[in-house]
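A.B. asks: the following block contains a protein sequence and its predicted model.
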Protein chains: 4
Amino acid sequence: MNANIKNWGRWGQDDQQGTLNLITPEEIKTAADLVKKGKVYSLSMPLDVDGPQFPMRHKTWKTTSLLNVGEGIGFSDDVVIMHSHSGTHMDSLCHVWSDYQLYNGFDARKHVTSFGSTRNSIENVPAIVGHGILLDIAGWKGVRHLSLGETISASDLDRCAASQNTTVAAGDIVLVNTGWMNIFAQNRTLFDSGEPGLDMSCIEWLHRHDISAIGADNHGVEVITTMPPSGLPFHFAAIRDLGLYLIENLKLQPLADDKQYEFLFVAAPLPLTSAVGSPINPLAIV
Amino acid sequence: MNANIKNWGRWGQDDQQGTLNLITPEEIKTAADLVKKGKVYSLSMPLDVDGPQFPMRHKTWKTTSLLNVGEGIGFSDDVVIMHSHSGTHMDSLCHVWSDYQLYNGFDARKHVTSFGSTRNSIENVPAIVGHGILLDIAGWKGVRHLSLGETISASDLDRCAASQNTTVAAGDIVLVNTGWMNIFAQNRTLFDSGEPGLDMSCIEWLHRHDISAIGADNHGVEVITTMPPSGLPFHFAAIRDLGLYLIENLKLQPLADDKQYEFLFVAAPLPLTSAVGSPINPLAIV
Amino acid sequence: MNANIKNWGRWGQDDQQGTLNLITPEEIKTAADLVKKGKVYSLSMPLDVDGPQFPMRHKTWKTTSLLNVGEGIGFSDDVVIMHSHSGTHMDSLCHVWSDYQLYNGFDARKHVTSFGSTRNSIENVPAIVGHGILLDIAGWKGVRHLSLGETISASDLDRCAASQNTTVAAGDIVLVNTGWMNIFAQNRTLFDSGEPGLDMSCIEWLHRHDISAIGADNHGVEVITTMPPSGLPFHFAAIRDLGLYLIENLKLQPLADDKQYEFLFVAAPLPLTSAVGSPINPLAIV
Amino acid sequence: MNANIKNWGRWGQDDQQGTLNLITPEEIKTAADLVKKGKVYSLSMPLDVDGPQFPMRHKTWKTTSLLNVGEGIGFSDDVVIMHSHSGTHMDSLCHVWSDYQLYNGFDARKHVTSFGSTRNSIENVPAIVGHGILLDIAGWKGVRHLSLGETISASDLDRCAASQNTTVAAGDIVLVNTGWMNIFAQNRTLFDSGEPGLDMSCIEWLHRHDISAIGADNHGVEVITTMPPSGLPFHFAAIRDLGLYLIENLKLQPLADDKQYEFLFVAAPLPLTSAVGSPINPLAIV
């Protein structure tokens, strides 16, 4: 890894927001100016018992209750049981640690317990609103989806951006379309056996461009060759070292099909107290 | 009630989206033009074991799991157990029924079961993005919060809007600040014993203005004088008859304090398959 | 079916215990006299994420929480999420209905809701303690397990009992070893695709002998040829018509191996208020 | 504490069953001989949303699902969400640790994780079947219930036993009636603010008599003067040092009322894989 690429201390010793600091009010305003059509894309897959999910996790479980208060009159509610890292979701900055340290040097032994995390939890992210960019790697490569274990390098990101005439700027939210979600409904066994994704050369690229969040249409953003994965080095370098947000299991093909490479991006995690992640329904508005 | 105020059939016999149909692309674009400062308000209360919740419901339950994969190296995840109508949340159009009928005449007996709803479920709402308006009733009345059981009439809505110089237009999302959430942390017993809210005269007002969603900083938008409530007539008239979305337990005081009466409103429910509602983290962007 | 084989009204119009009424104090005492060795068999399969479970049900989900109260000092607890009909379990007498009627004629529409059952719920069964009998059908047939869809008739029960020199008496709890659980660990796909089990001729047999509970080492006691089953006629005739208890997913091979055909049987469901079943850990004591 | 009262190594370095080893087949047989009336007492409180529960724990949550498979024909099931230490329950021998050590010296850091415990978990207890004794302390003292924080000493146990003409023998399961459960329904606030219970002098008594399990009609067997408790020293000495089982929130008044001081005791925890406790429905059979 690149041991010296870290954002620890960059926004103060107490910072718990990481790369969210990179999004300025000016950039939010500029991103809102991208809204020309008034069209909204929901980038979320169904949060379903059979939705995309790391195969080691439990399935989302939902039961609906009916309260009848009179003849033909009633109310319904649901009981939902899920991992916070269910379906389309966002990792908080306490999702991973090494050397017992979370992003910004917080002690994992002290702060992350069965009762949640007292540092870097998801409630530190009221929302991610900013300038979103789609890098359609599958489209650039001319394939419906990259193959299992196929890597995407920093150079690929640059060349794809160039082919799209997309400029990457500080604070941007970058979404990478691998096409992997296209096989979700067709071949679940293949989908659950690994994925194409970013390799470690992208860490320096994300840091150099001061990207605020990185998402993809796969389980873990990064390339995974076996399931369970033998390690997730990109997670540690991105989340723990850079304080960078990962957004996973996105539905990106509709954006790619419409060649919508820039948009107002809006994602608002559930404000689950002390939680380490949240399912989300991110939007691209154009 | 006003038996003849209904939107059934207005958007077709098969419509499952109700007043979401009132938001046009043009209005989304116009709403995005309101973003001048690049400031984002999260309108959600913490989704917490002790968060705001109808007292008859179970508390949100969260446990964090830690997976240690090596010396000092690990991952965290959460198990979340909650009602879909937990904390700050949105009702779907199958949340209530009478005469065995849901919005648009669908048969509740056939469509709403323990396995969810096959009509009007929350997945029909990819997002609510549009022109948001705050009506600060507490501010207009010069009080920190309205009192338990105090009603807000259509006339109050008009006069408050006039005092703010706020114009209400078709498709708008209207948020009503009663100040009730201000007592949540101070007096939970009072908070849980009922609430100030809209009375039935507002139904005609909401219909006449073609409002797309109505929210408030209380449990049920409508006035509740006893808990459990003896009935929730506004719910039936709004959700079932008008196909109108209710957004509950909002945090609105920061918007009111800043006199931000108009904004780009964004709420994206979790795409829970066949669910009858969803916790949300709605945003006001200015 | 045998429309006239019913125990409705037999123990009064208000009875909610069904065949539990058949176990007399004298029989409990006699059953206790069977304890000669002081050996206890637990007849339960592990209540596990991968435990035996109707394939349409959710998996049992367990997370352990750790509370550290000082350096090296702590407490653990678990959060358990499960169906009441999980693993080795017992059906209550409100588990099934037809013609909108539960056992003893109670109206299912009125009594069984999302909030539980107000008639025939599991809390009506403080315990099943009595004279247990094992009918080792697999052993009698000389096979390790019966085959998928293989039926067991009333005549088979009689002949098996005769071969074991086992006498069946009123109030007995009858456990049928099909051997099907022997393939659980070896061939889960086969195990989950149906099962050998009792056919409808056994209903009259169970009624004639005044059996108080019937159990087996399979999902549903009765024969199932396809999964999901096309119907479960035995369930309706036994539970609803006879008020007879079904105990499912038992581990019976150790009893069969030891030729323990008679024993003190003890099963104590969790006293889940208004629940429709319960996981149990039944014991055979000899 | 009494640092030298330990059963570690007594049943081998690998033992995970602790005092369960003290119950011999001969004693089970003798206990079964106590069954003279054929009467069964269920010693469990309702496992209910409002059931007895450490006030720091979440309430048990149950939702019933209805599956309609035809006109008037259906099945019900429940979704149950609970702590393993819910209602009337049993602690496993991995429930507490100090000096990072579980009973028999196992390393808590290594063995107890979010995924359960790989030592001393509840599945090591197929059942507790043996000679049960009730010590009716409240009856002996002539009170309906002991008072909040009132202690029961080893001397009290002896004098109560003598007054009942009850002899305590090795392997016995001892249940202590404090009467505290009698106030559960009348004064929940008092019930949840602490409890009368055993003091530390009882540890030596339990060890000297080789008791296999100790139960009471309160939250924690031991005396608790404030809630949350400032410490639970009896738990550590009993569970961790002696490998002794604690059974909590029992319903004992019916046994006391009938002066049933000796009985066949049967408790069968759910075989939850790697769990640290289990709700149970213990029985006293006479």
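C.D. replies: Okay, I see it. Residues are numbered from 1 along each chain as shown, chains lettered A, B, ... in the order given.
A.B. asks: ranges for the helices of chain A?
C.D. replies: Under the criterion DSSP state H, helices of chain A are mapped to A:25-32, A:108-111, A:137-141, A:154-164, A:188-191, A:201-208, A:233-235, A:253-257.
A.B. asks: of these, which is nearest chain D?
C.D. replies: Among these, helix A:108-111 comes nearest to chain D, with 10.5 Å by C-beta to the nearest C-beta. Heads up, the C-betas are built off the backbone N, CA and C, glycines and all.
A.B. asks: show me what counts as buried in that closest one.
C.D. replies: A:108, A:111 (16 or more other C-beta atoms under 10 Å in any protein chain shown).
A.B. asks: what's the answer for stretch A:54-70, then?
C.D. replies: Residues of stretch A:54-70 classed as buried by neighbour count (16+ other C-beta under 10 Å): A:54, A:58, A:59, A:60, A:61, A:62, A:63, A:64, A:65, A:66, A:68.
A.B. asks: filter these down to the ones near chain D?
C.D. replies: A:61, A:63, A:65 (C-beta under 8 Å from any C-beta of the partner chain).
A.B. asks: including distance to residue A:263 and pLDDT, could those residues go into a markdown table?
C.D. replies: Below are these laid out as a markdown table (distance: C-beta to C-beta, whole Å; pLDDT from 0 to 100):
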| residue | distance to residue A:263 | pLDDT |
| --- | --- | --- |
| A:61 | 33 | 95 |
| A:63 | 36 | 96 |
| A:65 | 38 | 97 |
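A.B. asks: list just the nearest of those to chain B.
C.D. replies: When these are ranked by distance to chain B (C-beta to the nearest C-beta), residue A:63 comes first, at 6.0 Å.
A.B. asks: who does the residue nearest to the spatial centre of chain A bridge with?
C.D. replies: The centre of chain A sits closest to residue A:247, judged by C-alpha atoms, centre = their mean, with a distance of 0.2 Å. Beta bridges link residue A:247 to residue A:90, residue A:215 when assigned by DSSP bridges.
A.B. asks: if I look at it, how far off is residue A:211?
C.D. replies: Distance of residue A:247 to residue A:211, computed by C-beta to C-beta, to the nearest Å: 12 Å.
A.B. asks: ok, residue A:122 next?
C.D. replies: 19 Å.
A.B. asks: out of these two, which sits in the busier spot?
C.D. replies: Counted by other C-beta atoms under 10 Å in any protein chain shown, residue A:122 and residue A:211 do not tie: residue A:122 has more neighbours, with 28 against 25.
A.B. asks: with adjacent residues omitted, what lies nearest to that one?
C.D. replies: residue A:92 (4.1 Å; C-beta to C-beta, 6 or more residues apart in numbering or on different chains).
A.B. asks: so that neighbour touches residue A:116, yeah?
C.D. replies: No. Contact criterion C-beta atoms under 8 Å: residue A:92 and residue A:116 do not qualify, at 10.2 Å.
A.B. asks: overlap in contacts of the two?
C.D. replies: Common neighbours of residue A:92 and residue A:116, using C-beta atoms under 8 Å, 6 or more residues apart in numbering or on different chains, are A:275, A:276.
A.B. asks: quick one: residue A:143 and residue A:178 touch, right?
C.D. replies: No. At 9.5 Å, residue A:143 does not count as touching residue A:178 under the criterion of C-beta under 8 Å.
A.B. asks: give me the more crowded residue out of the two.
C.D. replies: Neighbour count, other C-beta under 10 Å: between residue A:143 and residue A:178, residue A:178 has more, with 27 against 15.
A.B. asks: which residue, other than its chain neighbours, is closest to residue A:222?
C.D. replies: In this structure, residue A:222 finds its nearest non-sequential neighbour in residue A:234, 3.4 Å apart by C-beta to C-beta, 6+ apart.
A.B. asks: and the gap between the one you found and residue A:124?
C.D. replies: 21 Å.
A.B. asks: which residues of the stretch 1-150 of chain A fall in strands?
C.D. replies: A:40-42, A:61-70, A:73-83, A:89-91, A:96-97, A:112-113, A:116-117, A:128-136 (DSSP state E, counting those that start in this stretch).
A.B. asks: now the last one: buried residues?
C.D. replies: Meaning strand A:128-136. A:128, A:129, A:130, A:131, A:132, A:133, A:134, A:135, A:136.
A.B. asks: tell me which two of those sit farthest apart.
C.D. replies: A:129 and A:136 (22.4 Å; C-beta to C-beta).
A.B. asks: you'd agree residue A:252 is up against residue A:182?
C.D. replies: No. Residue A:252 is beyond contact range of residue A:182, at 9.6 Å (criterion: C-beta under 8 Å).
A.B. asks: these two: which has the busier surroundings?
C.D. replies: Comparing residue A:252 with residue A:182 by neighbour count (other C-beta under 10 Å), the higher total belongs to residue A:252, at 26 against 20.
A.B. asks: check the residue lying closest to the more buried one once chain neighbours are set aside and give its pLDDT.
C.D. replies: Ranked by C-beta to C-beta, 6+ apart and with sequence neighbours excluded, the top spatial neighbour of residue A:252 is residue A:177, at 4.2 Å. Looking at residue A:177, its pLDDT reads 98.
A.B. asks: measure residue A:177 to residue A:89 for me?
C.D. replies: 18 Å.
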